[in-house]
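1. missing the sequence, but the structure's below:
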């Protein structure tokens, strides 16, 4: 029934469907359903398993955290608070080299803590930051790279949709994962900022400014202060509530969505725009929840078909050295990152990779942070990094080519890899704060 041949056929089927541009939820669900039907030898039993899995997969109230955090991010985006935040940071960095790119990094870090999705951050700051950098004669590769590269902060600094999905699949506390991402997220943001400052000192002509300073020509308005300060308060409300035990992650998401609604109204956001945010939340959340159903079917197939054991045996062929096995996993995440989104990569690989890391005695929380960072690096990997394509699609400038975006994002890609192995050698960077909870 199961065994190496079955495992290989399932993996090949998935890869073929993905390469044929079949949506990942359909590819994963179809392969899992027919694989289970083959294993149990009865089509009706497979249908019953599908129905049971769909019910059990998303009935837990923990899954409400996904649409609530997405709604929070959408409301902040519709209110214009993200632009307010960028303007405030921009004005605060007047005398620092690489001011606009630094503002983009810091803005992405904070906005990422609200949206939890890298692609959303990349799209937002392509529209907010890029026109200002072009107006002040920044090198376009540098400008575009800073947007695509720093968008990766959105997946690491909590609350992150990727951390939620990883926690659900690997059965790890989502609250602890949120806290675990704080120190690595700050380290990554500081590495990005240090690189930009040094680069601006060495090559100031790439960061050339003119007398035209669109976003800093006036003092901050009351509306801008309300928006930018509101975003910061929102982050402390969400993370502080989880850290101090006032809220569960789901309750924290609910409070965050409520606060974001109040902030949106203070920013004079119309009810039509709020309705649009709710609709967008459904468009983003529904596919993720369907993916979770398909992922649970996939997990059952892995267990019943002995696929996990086959994959583990493949990895043990390379020995029991965690670093060697980690390199293979990272390369796998890079390749997948060229073709599919982060959530899909987690659903495909976490059920296979997590047991291997656990068997090698590596801390599951540290491994989760390593995986998230490596997956995001994959979204910058040529020739098909999805984060790069998001920036390209969000910028109307014909000179903003894919080549320039890839070139500009290389330093950020390298720093992401540095962070992966930094946590691999020093897992306490990810585990210290959760241990205090």
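-> The structure has been received and is ready for your questions. Computed from a predicted structure; not experimentally measured.
2. quick one: contacts for residue 330?
-> 374, 377, 417, 420 (C-beta atoms under 8 Å, 6 or more residues apart in numbering). All C-beta spots, glycine's among them, are computed from the backbone N, C-alpha and C.
3. That one: which element?
-> Assigned by DSSP states H and E, residue 330 belongs to helix 322-337.
4. can you tell me the average pLDDT over that helix?
-> Mean pLDDT, computed over helix 322-337, is 83.
5. Next, the buried residues of it.
-> Buried residues in helix 322-337, counting neighbours by 16 or more other C-beta atoms under 10 Å, are found at 322, 325, 326, 329, 330, 332, 333, 334, 336, 337.
6. The second one contacts residue 312, correct?
-> No: in this structure, residue 325 is not within contact of residue 312 by C-beta atoms under 8 Å, at 10.2 Å.
7. which residues are in contact with both of those two?
-> In terms of C-beta under 8 Å, 6+ apart, residue 325 and residue 312 are both contacted by the residues residue 356.
8. one step back: so which of the buried residues of helix 322-337 comes closest to residue 15?
-> residue 336 (9.7 Å; C-beta to C-beta).
9. which residues sit in contact with the closest one?
-> 344, 345, 348, 349, 375, 378.
10. Residue 64 too?
-> When contacts are counted by C-beta under 8 Å, 6+ apart, residue 64 is found next to 250, 253, 254.
11. Does the first one lie in a helix or a strand, and which?
-> Using DSSP H and E, residue 250 sits within helix 249-266.
12. Name the SS class of residue 110, please.
-> Three states are possible here, and by DSSP: H, G, I helix; E, B strand; the rest coil the one that applies to residue 110 is helix.
13. Tell me, how many residues neighbour it?
-> 23 (other C-beta atoms under 10 Å).
14. With residue 242 instead?
-> Neighbourhood size, residue 242 [other C-beta under 10 Å]: 23.
15. wait, what's in contact with it?
-> Contacts for residue 242 (C-beta under 8 Å, 6+ apart) come out as 175, 178, 179, 248, 249, 252.
16. Likewise for residue 432?
-> Neighbouring residues of residue 432 by C-beta under 8 Å, 6+ apart: residue 183.
17. Ok, residue 50 next?
-> 33, 297.
18. What distance do you get for it to residue 301?
-> Look at residue 50 and residue 301: by C-beta to C-beta, to the nearest Å, they are 11 Å apart.
19. Could I get the pLDDT score of the spatially most central residue of the chain?
-> The C-alpha lying nearest the average C-alpha coordinate of the chain belongs to residue 155 (C-alpha atoms, centre = their mean; 3.0 Å). The model reports residue 155 with a pLDDT of 78.
20. what are the ranges of the strands in the chain?
-> For the chain, applying DSSP state E gives no strands.
21. which helix of it spans the most residues?
-> helix 271-305 (DSSP state H).
22. quick check: angle from that helix to helix 249-266?
-> For helix 271-305 and helix 249-266, the angle between their directions (axes from the mean of the first three to the mean of the last three C-alpha atoms, to 10 degrees) works out to 160 degrees.
23. check contacts around residue 278.
-> For residue 278, the residues meeting the contact criterion (C-beta under 8 Å, 6+ apart) are 71, 74.
24. Residue numbering should commence at 829 henceforth.
-> In the new numbering, first residue 829, that becomes residue 1106.
25. Quick check: it vs residue 1099, distance?
-> Remark: distance between residue 1106 and residue 1099 (C-beta to C-beta) = 10 Å.
26. For residue 1102, list the residues it contacts.
-> With contact set as C-beta under 8 Å, 6+ apart, residue 1102 has these partners: 903, 906, 1089, 1092.
27. how much space between it and residue 872?
-> Noted for residue 1102: a distance of 45 Å to residue 872, by C-beta to C-beta.
28. what is the mean pLDDT for the longest helix of the chain?
-> The average pLDDT within helix 1099-1133 is 79.
29. got it, and stretch 1022-1033?
-> The average pLDDT within stretch 1022-1033 is 90.
30. cool, and stretch 878-890?
-> What stretch 878-890 shows for mean pLDDT is 71.
31. does residue 903 really touch residue 1087, like I thought?
-> No: in this structure, residue 903 is not within contact of residue 1087 by C-beta under 8 Å, at 9.2 Å.
32. who has more neighbours, those two?
-> Set side by side, residue 903 and residue 1087 show more neighbours around residue 903, with 30 against 18, by other C-beta under 10 Å.
33. Residue 976: neighbour count?
-> 29.
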